[in-house]
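Visitor: mind folding the following:
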Amino acid sequence: MVLSDQVVLARQAVRAGDRAPETAGRDLVREFVHRRNPAEVLLADWEHDGEHRLRCRADWPRAHRFYTPSGGRHDALLVVETLRQAGLLAAHVGCGVPVGHSFLMDRLTCAVEDPSGLAGAGGPADVRLVVDITEVRGRRGRVADLRVDVVFRRDGLRFAAGSGWMRCLPPSLYQRVRWSGERAEGGPAVVPPPVDPRVVGRAAVEDVVLGEPDRAGRFPLRVDTAHPVLFDHPLDHVPGMLVFEAMRQAGRVVLGGPDAPVFGCSADFPRFVELDQRCLVEAEVSARPSPSAAQVSVRLVQAGEVRARGTIMLGVR
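Guide: Below you'll find the predicted structure:
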């Protein structure tokens, strides 16, 4: 089906009784990007530019609780989180997927093409996004899969870009996919003793997502479900942004650069990472494309299976 057919079918589903948002303004954006705390909502507004495109504005804060500025620049992982939120917004307002559905990010990739676009962390950043919706597929009269391609600009200049591939599941289908029909009760989250926050560029222990390594380049994942940003709302699995932070911290350790900036990252999520099972983060330098950058390959392994894998490009001195 073409995108227009998918939008019609999805909006018909909303009218047929699926829950639709009834709030307005920033509260509406908060529902669309699946954030409970308004301070974690990075997208401020949007407009349609044709059937397949949205134009959005993102407000990056002067100082974020977790994605902290460094060296006079905003944290590059704000690009990843903004891309994630843009994908959810596109699904809801661009494809008519009802609020209350679940989303599985199969793959996400992004690159900071011009780091000067992150400059000026002493104040808020007005970031403009162009979000193209492609590869929309339907199943049984609903939008099931889509891809978003996002370009980031400041002051008219492009500085970053990324793409995300996601699946959209109504609650009943999510339960079948997640637990084969019957929800399992998990145990407590796994929180091993942390590495020294200084080696991963963190000031607070609660922001460290790696435990002490059991061998070079292998760390247990720390899952703190009380973290106010990574677990802004209750989740039944490890969120993708925790995976990206684990990739960054593991890369910094293996490179010996606690302040190494992120230039780009990419990850696939073939399986859920469970909250209550030991998960190992394995990292190694896989390429050095220039004297000032290194690529680190990372895998998250749980119960003998690769649950997430990807690469992160970091600056080196």
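
Visitor: make sure Val79 is indeed in a helix.
Guide: Yes: assessed with DSSP: H, G, I helix; E, B strand; the rest coil, Val79 lies in a helix.

Visitor: can you give me the pLDDT of the closest residue to it other than its chain neighbours?
Guide: Sequence neighbours aside, Ala160 is the residue nearest to Val79 in space, at 4.9 Å (criterion: CB to CB, 6 or more residues apart in numbering). Bear in mind the C-beta positions are built from the backbone N, C-alpha and C, glycine included. The per-residue pLDDT reported for Ala160 equals 98.

Visitor: note down every partner strand of the helix or strand that contains Ala160 and its orientation.
Guide: In this structure, Ala160 is located in strand 157-169 according to DSSP states H and E. Paired strands of strand 157-169, with direction, are strand 102-112 (antiparallel), strand 142-154 (antiparallel) (DSSP bridges).

Visitor: please convert the ones you listed to a markdown table, extending it with mean neighbour count.
Guide: Below are those laid out as a markdown table (neighbours: other CB atoms under 10 Å):
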| stretch | mean neighbour count |
| --- | --- |
| strand 102-112 | 19 |
| strand 142-154 | 21 |
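
Visitor: ok, which of the ones you listed comes nearest Tyr174?
Guide: Smallest distance to Tyr174 across the strands paired with strand 157-169 (CB to CB): 4.0 Å, for strand 102-112.

Visitor: just the residues contacting that closest one, thanks.
Guide: The set of residues external to strand 102-112 that reach it, using CB atoms under 8 Å, 6 or more residues apart in numbering, is 34, 76, 79-80, 83-84, 87-88, 91, 118, 150, 159-171, 174, 177, 240, 262-269, 313.

Visitor: which among those end up buried?
Guide: With burial judged by 16 or more other CB atoms under 10 Å, the buried subset of the contacts of strand 102-112 is 34, 76, 79-80, 83-84, 87-88, 91, 118, 150, 159-170, 174, 240, 262-267, 269, 313.

Visitor: where does pLDDT dip in the protein?
Guide: Counting by pLDDT under 70, the chain contains low-confidence ranges at 1-27, 121-122, 181-185.

Visitor: immediately after the longest helix seen in it, which helix or strand?
Guide: Counting residues, the longest helix found in the chain (DSSP state H) is helix 240-255. On the C-terminal side of helix 240-255, the closest following helix or strand by DSSP H and E is strand 262-268.

Visitor: max-length strand in this structure?
Guide: Ranked by number of residues, the top strand in the chain under DSSP state E is strand 125-139.

Visitor: CA atoms of that strand as CSV?
Guide: The C-alpha trace of strand 125-139 is given here as CSV (Å, rounded to 0.1, in the frame of the first residue of the first chain):
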residue,chain,number,x,y,z
ALA,A,125,19.5,25.4,21.1
ASP,A,126,16.7,25.9,18.5
VAL,A,127,17.1,22.8,16.2
ARG,A,128,15.0,22.3,13.1
LEU,A,129,14.2,18.9,11.8
VAL,A,130,12.9,17.6,8.4
VAL,A,131,11.3,14.2,9.0
ASP,A,132,10.6,12.0,5.9
ILE,A,133,8.4,9.0,6.4
THR,A,134,9.2,6.1,4.1
GLU,A,135,8.8,2.3,3.8
VAL,A,136,5.4,2.2,5.4
ARG,A,137,3.9,-1.2,5.5
GLY,A,138,0.5,-2.3,6.7
ARG,A,139,-1.0,-5.4,8.2
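
Visitor: could you list every helix and strand in contact with it?
Guide: Counting contacts by 3 or more CB pairs under 8 Å, 6 or more residues apart in numbering; DSSP states H and E, strand 125-139 is packed against helix 3-15, strand 53-60, helix 77-89, strand 142-154.

Visitor: in its sheet, what does the second one sit against?
Guide: Here strand 53-60 is paired, per DSSP bridges, with strand 43-48 (antiparallel), strand 125-139 (antiparallel).

Visitor: buried ones in the last one?
Guide: Of the residues in strand 125-139, those buried by neighbour count under the rule 16+ other CB under 10 Å are Ala125, Val127, Leu129, Val130, Val131, Asp132, Ile133, Val136, Gly138.
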